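1. Quick one: sequence and predicted model below, then my questions.
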Amino acid sequence: MPNDQHSSDSAGSAPKVEATIPVIDFSLFTSDPKECARQIGEASQNIGFFYLRNHGIPQDLIDRMFDCSDQFFQSPVQNKSQHMIGPNNQGYSPLKSERLDVEHQTQGDLKEAYNVCKFSVDDDSTAYFVRGDKDDQERVGVFFKDLHKLAKEVLQSFAIALQVPESSGGRNYFDKSHEWDADSGTTLRFLHYPKQSGNPDTPLAGSHTDYGTITLLMQKDIAGLQVQASRVHKNVPWVDAPVIPNTILVNIGDHLQMWTNGLLKSTMHRVMYNPQQLHSSRYSIACFFHANDSTKFEPIPSPVITQEMRAEAVEYEEGRNMTAGEYLQWRLARSYNYDQPLEDA
Ligand SMILES: O=C(O)CCC(=O)C(=O)O
Ligand SMILES: [Fe+2]
């Protein structure tokens, strides 16, 4: 996993970064874990996003989750608002209530969302999301646990790519900081971008990096996600992240960037208006995978991470002095105004 990101960055021009998002066959994780790790490691130093095919999550379960999401979001707004989002980051987040690009957005994102956390899977808030259907509520739990398992396998690939020594946990290095039973910001988020005749220049979700370790994203039918190939060099173009059937898109979040002194990129991304949205809503489902709340981001014991790389992560230097839980609260507080969630946010 050599760090050659800057080798082509002479005379201050943008570095050559891979301009397409690779599709990785995740059956390699079982058949050839080293090769899987190599491909994931390479993608993560370039664009910071990659698709996984053969990821092991049943497509009919994903389809069912999109159906649940559709039924929920198509109901009247007063019916959606019983479990409103607050600092615990659970429940319903209305249209325009969140600004992902705090510095540039004058209005909130043109999306609504419903957040489920690990400890709310069995409670009223999730039952509410699935209209009281017990089978669907159980499916949400199975889906969330499946995604959690997949995310841990992807993190094993990162640990292999980072050559974490056996004495520090080897490929299982991240396991103890990502336990299902531990308190963490890990969240399953159902997103809906309502149909509209939008201004093509206004993001529906502002540019941002994700706050956790990695994010697993499923998109349905309508594209709109764009990725900036390098977050360090701002003058590189935005790249479309199309909907590729039967894949899950993975991206690196701020935790991994801090943990690796910037070797792995927490890539900037946004959602733009797609003309198809004149006729149809856009749906996506994101699983934000976070380290346990108490985790500190001490650089990972890895021969491929150097102190010099710390400069790459300088924007998030503040995060290093926080635990994972504090870091999430800090980021959420910047993008939400819980007391004034609608139109003017
Ligand atoms: O809806 C999408 O495709 C991406 C959403 C996203 O980036 C986010 O919620 O952090
Ligand atoms: Fe995101």
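-> The structure has been received and is ready for your questions. Numbering: from 1, shown residues only. Ligands and ions are numbered 1, 2, ... in the order given.
2. The residue in the stretch 151-300 of the chain positioned nearest to ligand 1 - how many residues pack around it?
-> Nearest residue of the stretch 151-300 of the chain to ligand 1, counting by C-beta to the nearest ligand atom: Ser284, 3.5 Å away. (C-beta placed from N, C-alpha, C; glycine too.) Close neighbours of Ser284, defined as other C-beta atoms under 10 Å, add up to 24.
3. Adjacent strands (with direction) for the host helix or strand of it?
-> Assigned by DSSP states H and E, Ser284 belongs to strand 282-289. Paired with strand 282-289 in the same sheet, following DSSP bridges, are strand 187-193 (antiparallel), strand 214-220 (antiparallel).
4. residues from the stretch 151-300 of the chain in reach of ligand 1?
-> Leu191, Ala205, Asp210, Leu217, Gln219, Leu225, His269, Val271, Ser284, Ala286 (C-beta under 6 Å from any ligand atom).
5. And the residue in the stretch 1-150 of the chain positioned nearest to ligand 1, what's its pLDDT?
-> Using C-beta to the nearest ligand atom, the single residue of the stretch 1-150 of the chain nearest to ligand 1 is Leu100, 6.6 Å away. Note for Leu100: predicted pLDDT of 82.
6. wait, isn't it in contact with Leu204?
-> No - using C-beta atoms under 8 Å, Leu100 is not in contact with Leu204, being 9.9 Å away.
7. who touches both of the two?
-> Common contact partners of Leu100 and Leu204 (C-beta atoms under 8 Å, 6 or more residues apart in numbering): Asp109.
8. contacting residues around stretch 81-94?
-> 77, 80, 97, 112-117, 120, 124-125, 128, 185, 187, 328-329, 332-333, 336, 338, 341-342.
9. Distance-wise, check Ile62 relative to Cys68.
-> According to C-beta to C-beta, to the nearest Å, Ile62 stands 11 Å off from Cys68.
10. So these two - more neighbours on which side?
-> Taking neighbours as other C-beta under 10 Å, Ile62 and Cys68 compare with Cys68 leading, 22 against 19.
11. Go through the protein and flag its longest helix.
-> helix 134-161 (DSSP state H).
12. for that one, packing partners?
-> helix 28-31, helix 33-46, helix 59-73, helix 124-129, strand 187-193, strand 214-220, strand 282-289 (3 or more C-beta pairs under 8 Å, 6 or more residues apart in numbering; DSSP states H and E).
13. Which positions within that helix qualify as buried?
-> For helix 134-161, the neighbour count (16 or more other C-beta atoms under 10 Å) marks 136-137, 139-141, 143-144, 146-148, 150-161 as buried.
14. what do you get for stretch 167-185?
-> In stretch 167-185, counting by 16+ other C-beta under 10 Å, buried: Gly169, Arg171, Tyr173, Phe174, Ser177, His178, Ser184, Gly185.
15. And the residues you listed, which is closest to Pro245?
-> Distance ranking of the buried residues of stretch 167-185 against Pro245, using C-beta to C-beta, places His178 first at 28.3 Å.
16. wait, isn't the closest one in contact with Phe288?
-> No - under the criterion of C-beta under 8 Å, His178 makes no contact with Phe288, lying 12.0 Å away.
17. Mind listing the shared neighbours of these two?
-> Contacts common to His178 and Phe288, judged by C-beta under 8 Å, 6+ apart, are Thr186.
18. If you tally nearby residues, what's the number for Asn321?
-> 10.
19. brain fart, Tyr273
-> If you count neighbours by other C-beta under 10 Å, Tyr273 ends up with 20.
20. Make residue 1 into 53 and carry on from there
-> From this message on, residue numbering opens at 53, which makes the last subject Tyr325.
21. returning to that earlier point: can I get the helices and strands packed on helix 186-213 in CSV including mean pLDDT?
-> Compiled in CSV, these are given as follows (pLDDT from 0 to 100):
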stretch, mean pLDDT
helix 80-83, 98
helix 85-98, 93
helix 111-125, 98
helix 176-181, 96
strand 239-245, 97
strand 266-272, 97
strand 334-341, 97
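22. Phe341 is in contact with Thr265, correct?
-> Yes - if you go by C-beta under 8 Å, Thr265 and Phe341 touch, sitting 5.1 Å apart.
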